[in-house]
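1. here you go, sequence then predicted model.
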Amino acid sequence: MSGRIPRRVDAATKADLLGLVDHAATAGWPLRRAAHVLDINEGRVWRWLARRTDGRLVDRRPGGAPLHGLLADEIDAVVTLFHEWGDIDRSHRKLAHRGSYLYRVWVSPSSVRRILAEQGLVLKQRPRPGRSVRKPFPVWVDYTPRGCQMVCVEADLTR
């Protein structure tokens, strides 16, 4: 490698870089100087060393375990709402609000959309309106295109 080390590297690359740091340390170099020559942040090297002793050089999945994640009961409540009110509401936003109105579940509309997508459930869209049909001109009007003049044909309609 040449240049800066990327933010995420695999465990094999970390092990190789730590091997170079170990080799420099046996040659009498301080860790700070070895990290500087390898163009790695010193704190990063210390973290990798601590993780190597624990056998955890492989990166964990990003995201961790959020405390605000949805519970299984909330997911079940959203699916139940879909089956009961999906044909009526036809929108993930309306379903989210419906859940709070009924005091069943309080989730955001984006969470409802995500849960329905994960479950393979699709809300039916409203049918598109049909094409409008233009009303014909009345029989008693004679339409002339120039100047849009309307002339009444029948004599008794003129006043």
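-> That came through, no problem.

2. going forward, measure contacts and count neighbours with C-alpha atoms only.
-> Will do.

3. which residue, neighbours along the chain excluded, lies closest to residue 5?
-> Leaving aside its chain neighbours, residue 5 sits nearest to residue 40 (6.5 Å; criterion: C-alpha to C-alpha, 6 or more residues apart in numbering).

4. per-residue pLDDT, residue 32?
-> The model reports residue 32 with a pLDDT of 94.

5. quick check: residue 5 vs residue 26, distance?
-> 23 Å (C-alpha to C-alpha, to the nearest Å).

6. check contacts around the residue nearest to residue 125 when sequence neighbours are not counted.
-> What sits nearest to residue 125 in space, not counting adjacent residues and going by C-alpha to C-alpha, 6+ apart, is residue 90, at 6.2 Å. Neighbouring residues of residue 90 by C-alpha atoms under 8 Å, 6 or more residues apart in numbering: 123, 124, 125, 126.

7. in which helix or strand would I find residue 100?
-> helix 92-101 (DSSP states H and E).

8. hmm, who's touching that helix?
-> With contacts defined as C-alpha under 8 Å, 6+ apart, helix 92-101 is touched by 78, 81-82, 85-86, 89, 105-110, 112-113, 123.

9. can you pick the most crowded of the residues you listed?
-> residue 78 (26 neighbours; other C-alpha atoms under 10 Å).

10. all helices of this protein, in order?
-> Assigned by DSSP state H, the chain shows helices spanning 11-26, 31-38, 42-54, 72-89, 92-101, 109-119.

11. got the angle for the longest one vs helix 109-119?
-> Calculated by axes from the mean of the first three to the mean of the last three C-alpha atoms, to 10 degrees, helix 72-89 forms an angle of 100 degrees with helix 109-119.

12. re earlier: more neighbours: which of residue 5 and residue 26?
-> Set residue 5 next to residue 26 and count neighbours by other C-alpha under 10 Å: residue 5 wins out with 14 against 10.
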